[in-house]
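J.: give me coordinates for this.
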Amino acid sequence: MDQAGDGPEARDGAALDEARRAVLEVRARRLAAMPEEATDVADDGVRVLEFTLRGGRYAVDIDLVQEVCPLEQPTEIPCTPPFVMGVINVRGALLSLVDLNRFLDLPERGLVDRNRVIVLTHGAMKAGVLVDTIGAVTRVSDAEVQEAPLGISAMCREFVLGVTADRVILLDGVRLMTDSRFIVDESVADRGGARG
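T.: Next up, the predicted model:
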C-alpha cells in the first residue's frame, strides 16, 4: 500500500511541478537574453559629435574627439596654407588649428561666430579644428546613413561618409586626419617667402 505522498497522484504532481519548473527556466533564459539582444540593436552604428560650419550641420565620430574647448587667439605660423590659422596651447600641448570651413572649401554664408575648437586625435596625429557651434552627442545607425548630397563642394565630398535623415553630414575624421593636405610640412624656401 502506498504511503501518503508516494501514490500515483503524488508522482503525477511531482512530474507536473518538474515540467512547470523546466518551462519557467526556459522562459527565464529567454527573458534574461532579451536585454542583451536589445543592447546589440542599440549598439548598431556610431556615436557622433554634431557641430555647425557656415550654417550646415556636420558630425564626426566621438571616438576621435579628445575634447572641446573655447577658441583662444592662435599664434600664426609662417609657411602654412590659408586653412591653418596657427597654433594654440591646449593644456600645455601646442596644436595646429585648422579652419574646417576653409579646408573643406565651404561657401561663405555671412558672418558667423566661430568660437569652438574640437581637438581630434588619431594615432600620433592631433589637431584642433575650428567650428562655428557645438551640438549634441547622438547615435547614428548605419541604416539611416544616405549618400552625400550633390550640392556639397568636391573637396568636402572627399571626406563625407554620408548624410542622416536629419540632414547631418557625417565626416570621415580618420580620412581627414590622415590626408596629406592636412599635414603641413613646408619651409620658407618651399613657399618662396613668408606666409601668403
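
J.: okay, stretch 102-121 in CSV with CA atoms only?
T.: Extracted C-alpha coordinates of stretch 102-121, given in CSV (Å, rounded to 0.1, in the frame of the first residue of the first chain):
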residue,chain,number,x,y,z
ARG,A,102,38.4,76.8,-45.5
PHE,A,103,39.9,73.3,-45.6
LEU,A,104,36.6,71.8,-46.9
ASP,A,105,36.1,74.8,-49.3
LEU,A,106,32.6,75.6,-47.9
PRO,A,107,30.7,78.5,-49.4
GLU,A,108,30.6,81.8,-47.5
ARG,A,109,27.3,82.3,-45.7
GLY,A,110,27.6,85.7,-44.0
LEU,A,111,29.1,86.4,-40.5
VAL,A,112,29.5,83.5,-38.1
ASP,A,113,30.7,83.5,-34.5
ARG,A,114,33.4,80.8,-34.7
ASN,A,115,34.4,80.2,-31.2
ARG,A,116,34.8,76.5,-30.5
VAL,A,117,37.7,74.1,-31.1
ILE,A,118,37.3,70.4,-31.4
VAL,A,119,40.5,68.6,-30.6
LEU,A,120,40.7,65.5,-32.8
THR,A,121,43.2,62.6,-32.3
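
J.: host element of L176?
T.: In this structure, L176 is located in helix 173-178 according to DSSP states H and E.

J.: neighbouring contacts of that helix?
T.: 60-61, 64, 120-122, 125, 127, 158-159, 182 (C-beta atoms under 8 Å, 6 or more residues apart in numbering). Backbone N, C-alpha and C define where each C-beta goes, glycine included.

J.: if we use 7 Å, what do you get?
T.: Helix 173-178 has contacts (C-beta atoms under 7 Å, 6 or more residues apart in numbering) with 60-61, 64, 120, 122, 125, 159, 182.

J.: of those residues, which is the most crowded?
T.: Neighbour tally across the contacts of helix 173-178 (other C-beta atoms under 10 Å): the maximum, 26 neighbours, falls on V60.

J.: so that one sits against V46, correct?
T.: No: using C-beta atoms under 7 Å, V60 is not in contact with V46; the gap is 9.8 Å.
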